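**Q** fold the following.
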Amino acid sequence: MKSAEWYKAREARKKKWVARLNYLSDRVQAVLWVLGAIFVIYYSNFFHVMWESEKINSLFFGISLVTFGIFTSMTIYASFALPNFEDIEVVAPRLIPVASMFGFICFMSSLIAFWPVWGWYTPLMLITMLMGYLMAGSFLPKSTFGSVLFLVMFIGSALSSRYIPHEGLLH
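**A** Just a heads-up that it's a prediction; the model follows:
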């Protein structure tokens, strides 16, 4: 028979390996989402089509731009003005629900605005890009410097249409 200490040591080893495998799985999934977003941006030349296509529903595109601006402003406020506070829900209890509402409105209006261009690919593209941007943030440092890097990455991807040699292969 094996002793109780042996079982405790075995459980400790299992927990250690499970933690390592979970970390590795999370990283692999994050890389796949980021690569998916890069593929969508390159293959569709998303930002070029977004600004140049006449098929886009301009009313809903305007709504999505306004709500995206509000959402981005709230995110910048939470990232730079509130990092000294431990609990955002105590300092600004309505910030997260209101930002989530604007994010949802932005997503839905973007979906309606881009539907005439990409059709059934639109939800897949938007979700892939959303997840890619979120997962890219997991590779950045957890500080103000990481927030600045995320903004630079976002602006850089928006300017990528200048360097993609085609006008979008998906529309």
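**Q** show me what the lowest-mean-pLDDT helix or strand in the chain is in contact with.
**A** Lowest mean confidence among the helices and strands of the chain (mean pLDDT, DSSP states H and E): helix 88-91, at a mean of 74. Around helix 88-91, the neighbours that count as contacts under Cβ atoms under 8 Å, 6 or more residues apart in numbering are 78, 82, 85, 95, 96. No exception for glycine: its C-beta is placed from N, CA and C like everyone else's.
**Q** who wins for most neighbours among those?
**A** Highest neighbour count within the contacts of helix 88-91, by other Cβ atoms under 10 Å: residue 78, with 18 neighbours.
**Q** could you look up the SS state of that residue?
**A** Three-state call for residue 78 (DSSP: H, G, I helix; E, B strand; the rest coil): helix.
**Q** tabulate the contacts of helix 88-91 (a markdown table), appending distance to residue 65.
**A** Listed next are the contacts of helix 88-91 as a markdown table, based on distance: Cβ to Cβ, whole Å:
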| residue | distance to residue 65 |
| --- | --- |
| 78 | 20 |
| 82 | 25 |
| 85 | 30 |
| 95 | 21 |
| 96 | 22 |
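**Q** from these, which is closest to residue 146?
**A** Nearest to residue 146 among the contacts of helix 88-91, counting by Cβ to Cβ, is residue 78 at 13.6 Å.
**Q** hmm, which two among the contacts of helix 88-91 are most spread apart?
**A** 85 and 96 (13.2 Å).
**Q** helices or strands next to the top helix by length along the chain in the packing?
**A** Taking DSSP state H as the criterion, the chain has its longest helix at helix 4-44. Contacts defined by 3 or more Cβ pairs under 8 Å, 6 or more residues apart in numbering; DSSP states H and E place helix 4-44 against helix 121-136.
**Q** which SSE is residue 156 in?
**A** Assessed by DSSP states H and E, residue 156 sits inside helix 144-158.
**Q** dump that helix to CSV, restricted to CA.
**A** The C-alpha trace of helix 144-158 is given here as CSV (Å, rounded to 0.1, in the frame of the first residue of the first chain):
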residue,chain,number,x,y,z
THR,A,144,-0.2,51.6,-18.3
PHE,A,145,2.6,50.7,-20.7
GLY,A,146,0.5,47.7,-21.8
SER,A,147,-2.5,49.9,-22.3
VAL,A,148,-0.5,52.3,-24.5
LEU,A,149,0.8,49.3,-26.5
PHE,A,150,-2.7,48.1,-27.0
LEU,A,151,-3.8,51.5,-28.4
VAL,A,152,-0.7,51.6,-30.7
MET,A,153,-1.6,48.0,-31.9
PHE,A,154,-5.2,49.0,-32.6
ILE,A,155,-4.2,52.2,-34.5
GLY,A,156,-1.6,50.3,-36.4
SER,A,157,-4.0,47.6,-37.5
ALA,A,158,-6.5,50.4,-38.6
